[in-house]
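here is my input, please return the structure:
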Amino acid sequence: MDDLPEADAATRDGVLDWMRRFAAAVRAVDYRAATPLWHEKVLAFGTHQAVLEGFAQFRDRQWDSVWPRTADFTFVEAAARVLASADAGLAIAIAPFTSTGFHQDGTPFPRPGRATLVLMRQGDAWIAVHSHLSLERGVPTESHGNRPVIR
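As a prediction, this is how the structure comes out:
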């Protein structure tokens, strides 16, 4: 059986850079900074979310229900796997993430999960065409933070 199509070093670095920029936008609740990272017709779903088609639905139904209500989002780069097509035009990132959720009384709790991202190359940049982020088993799906959004 053949090995998985692991990305070459340059492709891996480019995808990890995309992931860092996206995670920074999530931490800052900065929709403006994150928007250019996504394809207009993105397909996405999450722990309890049906498949969403199109960026506006993705932002309004997934980002709005998570980003302002959580904190400290980051991908665990050391555990990230990046696969790529032979021409390095398409890449898949599989990585755990960490974040902080908040109970109704404001006390924080660990909110770990995992992500699968599909990105395509557009010139020298990467743009995401699919996202699936889900929480680890047993992690509360509701978080009650209330941070302002940069639109």
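
give me the distance between stretch 77-84 and the centre of its chain.
Relative to the chain's own centre, stretch 77-84 is displaced by 13 Å; criterion: CA atoms, centre = their mean, to the nearest Å.

use 59 as the first number from now on
Renumbered: residue one is now 59, and that last one reads stretch 135-142.

measure it end to end?
17 Å (CA to CA, to the nearest Å).

show me what counts as buried in that stretch.
Buried residues in stretch 135-142, counting neighbours by 16 or more other CB atoms under 10 Å, are found at 138, 140, 141, 142. Bear in mind the C-beta positions are built from the backbone N, C-alpha and C, glycine included.

show me where this structure has its strands.
Here the chain has its strands, by DSSP state E, at 96-104, 110-111, 129-133, 139-142, 148-160, 166-168, 171-180, 183-193.

and those: which comes nearest residue 66?
Proximity to residue 66 (CB to CB) singles out strand 139-142 among the strands of the chain, at 7.1 Å.

residue 135 and residue 77 touch, don't they?
Yes - between residue 135 and residue 77 there is a contact at 7.4 Å, judged by CB atoms under 8 Å.
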